[in-house]
Every structure is written in structure tokens, then in C-alpha cells.
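Asks: I'd like to go over a predicted model; first the sequence, then the structure.
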Amino acid sequence: MLKPNQKSESSKKNQVERMFDSISFEYDLLNGIMTFNNHKRWKKNILNIAKKLKPKNALDIATGTADIAINLGSIPDCTVTGVDISEKMLNVGREKITKMKLSESVSLETGDAENLKYENDYFDLITIGFGVRNFQDLKKGLTESLRILKPEGSLIILETSVPENRIIKFLYSIFTRTYIPIMASIFSKDRSAYNYLLDSAEAFPCGEAFGKILKSVGFNKVEINPKFFGSSTIYIATK
């Protein structure tokens, strides 16, 4: 499995695609187990923020099994598109959308976050849940989001982070290096995928460091909202 800091023009993207294909059917179950279902609450936080913005055209990048896209589909008069490089993850999402009868408002497409097909200034709102740390080129992916976002549009990102408090950080490290691998070994056929996700979470620049990256690519205003003692963070960036 590719290490999160290992550089390659194509291998990381291809391996991330294969990795998520391999864990697509168990992803929702393990995500709930590993976050004690807090991920659902954080995704609802994104929905509550989005509702206040009243978007008409929203894009969920790295949509995976489409939880955030489906949530956004509840916003009145809002058309939602979800994109992801893993077709198997998208297929799980499509089943959810069909069951919930949201096909008219939510659609899913295969797409690369760093090479999006959409025109400039196209979306009112873009969301990314637990996806930016898997970008091959972080700044390129964020710049693409900026390009297709309308002026004064918003980018909402939910991503893992490492707590700043030393005691909580120590406990967090014990938890992630014991509980998560045990759960992965029990419920997953691809334990290496979860090792990658742990490594990438620890290597990813979070908090103020990530806020500076968002501003460096052109976002004007960035809000940072830590969740669950800083183990995840919601970023709201305005074009």
C-alpha cells in the first residue's frame, strides 16, 4: 500500500481507487464502528451549514457512498451531483439513492477531483467529506474546487485531524493504533486499506495549517471548527 507522503504521478490515485473499491461494501459499517457513529452527526453539521447558504446547485467531491450528497438532496430546490473515482463506492451510493427515491435531485458520476469536467463558476456549494487527504495533489484539487465554484460560493470540508491537546492526542494515538486495526481485522478483508487511512490522517496538515493552504490557493475566508476533541474538523472556505 502506498504511503501517504510517497510521490507518484499515477500510483497514488490508482491505489486509492482500488483501495476504496475493495472496501466499498463494508465501508459504511466500519465508518460507523470507528467513529462511534459520530460521522453521521458531523455530516448533519455540514447539512445544517449548507441549508443556511440555500444552494441551488451543489457538488459533493469524493462522495463515496453518498451520505453527504443524500443529505444535501433534502435541501429544497437543490440539485446535487456526487463524484468519486471509485465506481464500486458509487454503486453503493446509487442503491441508497434509489431506496430513498432521491434520483431526481441527487446523481452520482465517476470523476477525478483534480480534473473536473465542469465549467468555471458552476456550483453554489461544494462539499468534501473525508476526501481531501486522498488527493494526489492537494493544491491542484483545491484549485479545481475554487475554479468551478461561483463567486462568493462556499466549500465545506470535513476531514480527520489530530488533537492539539497533548493528553487527548496521546489517548487518540492509542485509540487509532489499537481499536481501529482490531475492528479492521475483524470486519474487513483489506486491513492494509485502513492502515493507509490511519497513516494519511496523521500525515495530513490540519487546523490552521490546512486553513493556510486553502487561503494560498485563493479562498478569501476560512472558518475552522474542530469536532470530537479535535479528531475531525469542519472547514468552511468562501471564494
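Replies: Structure received. Numbering: from 1, shown residues only.

Asks: and the helices in this protein?
Replies: Under the criterion DSSP state H, helices of the chain are mapped to 11-22, 27-35, 38-53, 67-72, 87-99, 138-148, 166-187, 191-203, 208-216.

Asks: just these: most buried one?
Replies: Mean neighbours per residue, mean count of other Cβ atoms under 10 Å, is largest over those for helix 67-72, with a mean of 26. For the C-beta atoms, the positions are set from N, CA and C on the backbone; glycine is no exception.

Asks: what residues does that helix touch?
Replies: By Cβ atoms under 8 Å, 6 or more residues apart in numbering, the residues outside helix 67-72 that reach it are 28, 39-40, 43-44, 46-47, 50, 55, 58, 60, 63, 78, 80-82, 93, 96-97, 100, 102, 106, 108, 125, 127, 129, 158.

Asks: check stretch 15-35 too.
Replies: By Cβ under 8 Å, 6+ apart, stretch 15-35 touches 1-2, 39-40, 64-65, 67, 84-89, 91-92, 134, 136, 179-180, 183-184, 187-190, 193-194, 196, 228, 232.

Asks: tell me the mean pLDDT over that stretch?
Replies: Across stretch 15-35, pLDDT averages out at 85.

Asks: pLDDT score for the residue nearest the centre of the chain?
Replies: For the chain, the residue whose C-alpha lies nearest the mean C-alpha position (Cα atoms, centre = their mean) is residue 129; its distance is 2.2 Å. Among the per-residue scores, residue 129 shows a pLDDT of 97.

Asks: residue 202 touches residue 163, doesn't it?
Replies: No. Counting by Cβ atoms under 8 Å, residue 202 does not reach residue 163; the two are 11.5 Å apart.

Asks: any idea how far stretch 29-42 is from the middle of the chain?
Replies: Counting by Cα atoms, centre = their mean, to the nearest Å, stretch 29-42 is centred 13 Å from the centre of its parent chain.

Asks: residue 156 and residue 110, how far apart?
Replies: Distance of residue 156 to residue 110, computed by Cβ to Cβ, to the nearest Å: 22 Å.

Asks: these two: which has the busier surroundings?
Replies: residue 156 (24 against 11; other Cβ atoms under 10 Å).

Asks: what's the spacing between the nearest residue to the more buried one once chain neighbours are set aside and residue 194?
Replies: Spatial nearest neighbour of residue 156, excluding adjacent residues (Cβ to Cβ, 6 or more residues apart in numbering): residue 127 at 4.8 Å. When distance is defined by Cβ to Cβ, residue 127 is 24 Å away from residue 194.

Asks: can you check residue 92 too?
Replies: For residue 92 relative to residue 194 (Cβ to Cβ), the value is 17 Å.

Asks: report the residue spans of this protein with pLDDT below the cut-off.
Replies: Low-confidence segments of the chain (pLDDT under 70): 1-11.

Asks: in the protein, spot the strand with the most residues.
Replies: When the chain is parsed with DSSP state E, its longest strand is strand 149-160.

Asks: good, we can wrap up now.
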